[in-house]
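Asker: what would the 3D arrangement of this be:
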Amino acid sequence: MKWRYPILAGTAAAATATAVHDLLQKQHAILRNYPVIGHGRYLLERVGPELRQYIVTSNDEERPFSRDQRSWIYTSSKLRNNYSGFGTDNDMERVEGYPVIKHRTFTGPGAKTMPHAQEEIVIPCAKVLGAARGRAKAFRPTSVVNISAMSFGSLSGPAIEAINRGAAAVGCLHNTGEGGLSPHHRHGADLVLQIGTAYFGCRDEQGRFDMQRLKDVVASAPVRAIEIKLSQGAKPGLGGLLPGAKVSREIAEIRGIPEGKDCASPSRHAEFSDVDSMLDFVEAIAQETGLPVGIKSAVGNVTMWDELVEQMARGDRGVDFVTVDGGEGGTGAAPLIFADSVAYPFRVGFSEVFRRFAQAGLADDVVFIGAGKLGIPENAVVAFALGVDMVNVGREAMLSIGCIQAQKCHTDRCPVGVATQDPRFHRGLDPTLKSERCANYIRSLRRDLMKVTEAIGVVHPGLISPRDIDILDGQRIATGLGQVYGYDPAWQRLRPGLVEEIEAIMLAQGEA
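Answerer: So this is what the prediction gives:
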């Protein structure tokens, strides 16, 4: 028992030293008034989010993703039972804006084409990307669920590799993000190459856009489309910042920037300054590469969208696809005011854009892509009803490969190695295992989309229309989705030719 006395003495000495320090320091009033025990307050403040996440919050309360949503992704990625029992624990009676999907008693051919037992459900896009503008390399994306823009730098190399391998296994497109095309993106998936305001990977020594370098990058990898990023949901209108701690030698070489220094992306492009010059830029890239070219943006001031629709109505220039990012979305770190209050949430922002194209008769000429928490089945169904042709998943893909929503992405201290460049953390992320989980998650999402599509009575998510969704105001009022967002009931979800085409594709798959 003699060992106890040195331990007690050491503990008493440490407590005394801490008390003296607390009484003498002047930075923290709590510690001066409550020496030693005041440290407990700071400890609880530090671990408070974790305590709330695992102990305090209800299944449907936490944000950005609730426990129920994370649980569905985790169980899906591990091929465990992702069903729930004993009814919903959502507060449907009091929540304003709760979406209800209206199933049909008597269905069309959809119920016969996709049996629930089918393991692998391929859901191609209802539109051919680039066909409306006659792009040389137009193609039909093989999946309506694809990977959103997350760059190497914001995510670790093993995380990018895991997502890319998973996307390849299930036929998804993988968006590179604005950080350039890295070796970690080269594991089999078809790519959407994103060009940001800093032109990483396709810039000259002065940081200006270089068309030849872009063509060289495109020729070196399976790039199927190019996306010009105007803004993103995490920090619209702000530009980006990759902290110097994340700028490794490899990232510096890929992006063409100094190692170990903060890497700032401008808030706006230097190659164009209005819609007219932007469309010139789009057409120049499409001409040089033959690829479909689109834009990505969060939605704020809608003047740009009015001008874009007006210019495209002339018929000589235009974008092949539009990716709308919700203001609630984003894997990037941002000032709180931007994360909370800048840009419309997805449903409002997307409907503002889609409505303008539909009114001008241009909706069938553009592939619409949605992003911003659309990797949850019910959110995705509402997005399809509003007019998206494909959904991009970002944070949900991160969750599928091990993200625990620690919300430390901006610190380079991601505990599971997903959003960090620190080898101490990302060494624990096995790309081979995690790629399987990413693929499982995407398969599960597509399978649930088809189950709901079948319940509605159509053969493809792209045929879900606003009349298939109501928005509840508690137990008092149910308002049609189209009415809520100002859609004209006369608008067709897709023109007849596209409907017949995608129905034939899905029926053939069901018969096979």
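Asker: in a helix, F272, correct?
Answerer: No: under DSSP: H, G, I helix; E, B strand; the rest coil, F272 falls outside any helix and is assigned coil.
Asker: I'd guessed it sits against D280; true?
Answerer: Yes: using CB atoms under 8 Å, F272 is in contact with D280, at 7.0 Å. Any C-beta I mention is one placed from the backbone N, CA and C, and that applies to glycine too.
Asker: of these two, which one has the most company?
Answerer: Neighbours of F272 and D280, each counted by other CB atoms under 10 Å, are more numerous for F272; the result is 17 against 13.
Asker: tell me how this protein divides into domains.
Answerer: 1-56, 99-121+128-134+142-511 (automatic domain parsing).
Asker: do you know which of these lies nearest K78?
Answerer: domain 99-121+128-134+142-511 (6.4 Å; CB to CB).
Asker: now do the closest one, average pLDDT.
Answerer: Domain 99-121+128-134+142-511 comes out with an average pLDDT of 89.
Asker: excluding residues flanking it in the chain, which one is nearest Y487?
Answerer: P466 (5.2 Å; CB to CB, 6 or more residues apart in numbering).
Asker: which residues touch that neighbour?
Answerer: Contacts for P466 (CB atoms under 8 Å, 6 or more residues apart in numbering) come out as A385, L386, G480, L481, G482, Y485, Y487.
Asker: count the neighbours of the closest residue to T420 other than its chain neighbours for me.
Answerer: The shortest distance from T420 to any residue other than its chain neighbours is 4.1 Å, reached at C414 (CB to CB, 6+ apart). Using other CB under 10 Å, C414 has 26 neighbouring residues.
Asker: I'd assumed C414 was in a helix, is it?
Answerer: No: looking at C414 with three-state DSSP, it is coil, so not inside a helix.
Asker: and the gap between it and A245?
Answerer: Distance of C414 to A245, given as CB to CB, to the nearest Å: 12 Å.
Asker: quick check: G166 is in a strand.
Answerer: No: counting by three-state DSSP, G166 is located in no strand; its state is helix.
Asker: quick one: distance of stretch 9-29 to the chain centre.
Answerer: Centroid separation between stretch 9-29 and its chain, computed with CA atoms, centre = their mean, to the nearest Å, is 47 Å.
Asker: and that stretch, what's buried?
Answerer: Buried residues in stretch 9-29, counted by 16 or more other CB atoms under 10 Å: D22.
Asker: CA-only coordinates of it in CSV, if you can.
Answerer: Written as CSV, here are the backbone C-alpha positions of stretch 9-29 (Å, rounded to 0.1, in the frame of the first residue of the first chain):
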residue,chain,number,x,y,z
ALA,A,9,1.3,13.6,-2.8
GLY,A,10,1.8,14.0,-6.5
THR,A,11,-1.9,14.7,-7.0
ALA,A,12,-2.0,17.2,-4.2
ALA,A,13,1.1,19.0,-5.6
ALA,A,14,-0.5,19.2,-9.1
ALA,A,15,-3.8,20.5,-7.6
THR,A,16,-1.9,23.1,-5.6
ALA,A,17,0.2,24.3,-8.6
THR,A,18,-3.0,24.5,-10.7
ALA,A,19,-4.8,26.5,-8.0
VAL,A,20,-1.9,29.0,-7.7
HIS,A,21,-1.8,29.3,-11.5
ASP,A,22,-5.6,29.9,-11.7
LEU,A,23,-5.5,32.5,-8.9
LEU,A,24,-2.7,34.5,-10.6
GLN,A,25,-3.8,34.3,-14.2
LYS,A,26,-6.2,37.1,-15.5
GLN,A,27,-7.6,35.6,-18.7
HIS,A,28,-10.4,33.6,-17.2
ALA,A,29,-12.6,35.0,-14.5
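Asker: going forward can the numbers begin at 6, since that is how I track them
Answerer: Done: numbering now begins at 6, and the last item shifts to stretch 14-34.
Asker: so what touches that stretch?
Answerer: Here stretch 14-34 makes contact (CB under 8 Å, 6+ apart) with L36, R37, P40, V41, G43, H44.
Asker: mind running it again at 7 Å?
Answerer: Outside stretch 14-34, the residues within contact range by CB atoms under 7 Å, 6 or more residues apart in numbering are L36, R37, P40, V41, G43.
Asker: ok, now stretch 74-91?
Answerer: Here stretch 74-91 makes contact (CB under 7 Å, 6+ apart) with I381, E401, L404, S405, Q410, R442, C443, N445, Y446, S449.
Asker: next step: those restricted to strands.
Answerer: Under the assignment DSSP state E, the contacts of stretch 74-91 contribute nothing to strands.
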